[in-house]
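Student: this is the structure alone, sequence omitted:
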């Protein structure tokens, strides 16, 4: 678990050393786009809403395989593939590159397309396997790393069955607290930050304080089915998912 925290912190530090492709500013949303296509320091009218957004993945090793870190992070891709274009108050940032780790250097091709406007941000992601991988659930997802200042705020979660659930993000770690649904609306004190899945995607909550961290994250995963035993997904398998971010200021 400490490795997870170190990786996310390292990505933030790397992005903070001047490796930005573009800055987006408007009278609503503002953000920085790193050279490897991560969205960093997302704000609305100056209020920090999200530290960073990136793709990550993980798979299971065969039982007889030598152990190693079988994960992928967009933050590990330093090839500088983000291409940003502007048209008026709209900016698109497209990144096409590869996911790998110390053993599988070219495990998957990925593409992330982000469209930023003053009131809405849309993120479309796709990943294609170049090698077969094992898992019993999800292989890839998007991580939204959220600032700890939002702990203690009210949240509305809409489940995949359309039911509404109202909660408060716990100010101290609560192992039993969970959120899972198709949309999350989080009060910020200045308005409501809304994370919405496009279709069949799932949004999950994770509290890093369970391993000594200080913040929390939302995970957006494409449709997946849990299986009791690992399934091998062949090279060529493609995953696609989409979500959007919006903000409703207080009246």
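Tutor: On my side now, so go ahead. Since this is a predicted model, take the numbers as computed values, not measurements. Numbering: from 1, shown residues only.
Student: pLDDT score for the residue sitting furthest away from the middle of the chain?
Tutor: The centre of the chain is farthest from one residue, residue 64, which by Cα atoms, centre = their mean lies 31.5 Å away. Per-residue pLDDT puts residue 64 at 89.
Student: residue 147 touches residue 208, doesn't it?
Tutor: No: using Cβ atoms under 8 Å, residue 147 is not in contact with residue 208; the gap is 11.7 Å. Heads up, the C-betas are built off the backbone N, CA and C, glycines and all.
Student: list residues touching both of those two?
Tutor: Common contacts of residue 147 and residue 208, defined by Cβ atoms under 8 Å, 6 or more residues apart in numbering, comprise residue 215.
Student: returning to what we had before: secondary structure element holding the residue farthest from the centre of the chain?
Tutor: Per DSSP states H and E: residue 64 is located in neither a helix nor a strand.
Student: next one: residue 92
Tutor: strand 90-99.
Student: show me which positions of that strand end up buried.
Tutor: 91, 93-95, 97-99 (16 or more other Cβ atoms under 10 Å).
Student: can you put these in JSON lines and add distance to residue 121 and pLDDT?
Tutor: Listed next are the buried residues of strand 90-99 as JSON lines, based on distance: Cβ to Cβ, whole Å; pLDDT from 0 to 100:
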{"residue": "91", "distance to residue 121": "10", "pLDDT": "97"}
{"residue": "93", "distance to residue 121": "10", "pLDDT": "96"}
{"residue": "94", "distance to residue 121": "14", "pLDDT": "96"}
{"residue": "95", "distance to residue 121": "15", "pLDDT": "96"}
{"residue": "97", "distance to residue 121": "20", "pLDDT": "95"}
{"residue": "98", "distance to residue 121": "24", "pLDDT": "95"}
{"residue": "99", "distance to residue 121": "22", "pLDDT": "96"}
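Student: format the residues you listed as a markdown table; extra columns: distance to residue 219.
Tutor: Output for the buried residues of strand 90-99, formatted as a markdown table (distance: Cβ to Cβ, whole Å):
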| residue | distance to residue 219 |
| --- | --- |
| 91 | 25 |
| 93 | 21 |
| 94 | 22 |
| 95 | 19 |
| 97 | 21 |
| 98 | 22 |
| 99 | 16 |
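Student: closest to residue 239 among those?
Tutor: Checking the buried residues of strand 90-99 against residue 239 by Cβ to Cβ gives residue 99 as the nearest, at 11.3 Å.
Student: I'd assumed residue 134 was in contact with residue 62.
Tutor: Yes: applying Cβ under 8 Å, one finds residue 62 in contact with residue 134, separated by 6.8 Å.
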